[in-house]
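Enquirer: Give me a model of this one.
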Amino acid sequence: MMLRSFISLRRFAVLAAAVLVSLVPAHAGSERLGMLDTLQPGAWELRLREIGSQPQRICVPNGRTLIQLRHQADACSRLVIGESASEVTVQYTCRGRGYGRTRIRRETAQLVQIDSQGIADGLPFEFSAEARRVGACGT
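Expert: Take a look at the predicted model:
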């Protein structure tokens, strides 16, 4: 019973935060996220920390692409929750498509750790992954 209450409380907190993000203009925080701009563009291999998952290759034109891995093609409003020289946390809302909260920790310009959760196409998602640059896009 206590676990069910905790999960309900967590879902409520995520939903409440998403509502707050939707009230923020799309340009809010757009000048920030400098750490993501230090990541090298190119082909990156994404390794989810899930049993049986296979590595995925994605083309990353800039580090900001890693914020919305479950909403890649969507134009979403973003709010920077936290930022340091090696880590950023961003909450985003994609009207009618869902929302998410992503934390990216930079280890090097070619290696990051990603934690993300939210709702995509009406379904919850949560993942933890390592992303590593493996070359140029298209190779």
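
Enquirer: Can I take it that R64 is in a helix?
Expert: Yes: counting by DSSP: H, G, I helix; E, B strand; the rest coil, one finds R64 located in a helix.

Enquirer: separation between it and C76?
Expert: Note on R64: its distance to C76, by C-beta to C-beta, to the nearest Å, is 11 Å. Using the backbone N, CA and C atoms, a C-beta is placed for each residue, glycine as well.

Enquirer: Correct me if wrong: C59 contacts A43.
Expert: Yes: the criterion here is C-beta atoms under 8 Å, and C59 meets it with A43 at 6.0 Å.

Enquirer: These two: which is more packed in?
Expert: A43 (16 against 12; other C-beta atoms under 10 Å).

Enquirer: who does the strand or helix carrying that one pair up with?
Expert: Per DSSP states H and E, A43 falls inside strand 42-48. Sheet neighbours of strand 42-48, with direction, are listed as strand 56-60 (antiparallel), strand 123-135 (antiparallel) (DSSP bridges).

Enquirer: returning to that earlier point: mutual contacts of C59 and A43, please.
Expert: Counting by C-beta atoms under 8 Å, 6 or more residues apart in numbering, the common neighbours of C59 and A43 are 137-138.

Enquirer: Quick one: mean pLDDT over the strand holding A43.
Expert: Throughout strand 42-48, pLDDT has a mean value of 95.
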